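Asker: generate coordinates for the sequence data below:
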Amino acid sequence: MIKEIGINSRARVEMINLTVKIEEMVAGAGFEQGTVIIYTPHTTAALTINESADPDVQKDLINKINKVIPFDDQYRHFEGNSAAHIKSSLIGASEHVIINQGKPLLGRWQAIYFCEFDGPRKRKVYVKMLQG
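Answerer: Just a heads-up that it's a prediction; the model follows:
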């Protein structure tokens, strides 16, 4: 079963917490054990798992990523969004999470984030749950 999450990003670069939506989808699947695969089909976005307890962590991640991969750096790509493509490739387009006792098995402070690198835009994320 494949589900879709629609996302409307509001900033050029931002991290959007998808954890509650993923948890709801997993609960609705009705099985205790398995795997959930979260994937975004965009070449200028990514997915990651990181801390959710302190919102400054996301701000620090965004600030450092933008510093390491600046928006303007003599890129050749005509659309002007090469930095977003590089960020997406480095972070990755998918995450796999174990389902245990009917819930995604995340650490105490972990959350699943959609990473926008070329917004604001309408985006989507696909979620596939596998029982077993």
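Asker: and Leu106, how many neighbours does it have?
Answerer: 17 (other Cβ atoms under 10 Å). (C-beta placed from N, C-alpha, C; glycine too.)
Asker: how about the one 3 residues further on?
Answerer: For Trp109, the neighbour count with other Cβ under 10 Å is 11.
Asker: that one touches Thr19, doesn't it?
Answerer: No: assessed by Cβ atoms under 8 Å, Trp109 is found out of contact with Thr19, at 11.0 Å.
Asker: find residues that contact each of those two.
Answerer: Ser52 (Cβ atoms under 8 Å, 6 or more residues apart in numbering).
Asker: list the buried residues of whichever strand in the chain runs longest.
Answerer: Longest strand in the chain by number of residues (criterion: DSSP state E): strand 122-131. Of the residues in strand 122-131, Arg123, Val125, Val127, Met129 count as buried by neighbour count, 16 or more other Cβ atoms under 10 Å.
Asker: mind listing what that strand pairs with, with the direction of each?
Answerer: strand 2-8 (antiparallel), strand 34-39 (antiparallel) (DSSP bridges).
Asker: what about the strands in the chain?
Answerer: Using DSSP E, strands in the chain cover 2-8, 14-17, 34-39, 45-51, 94-100, 103-104, 110-116, 122-131.
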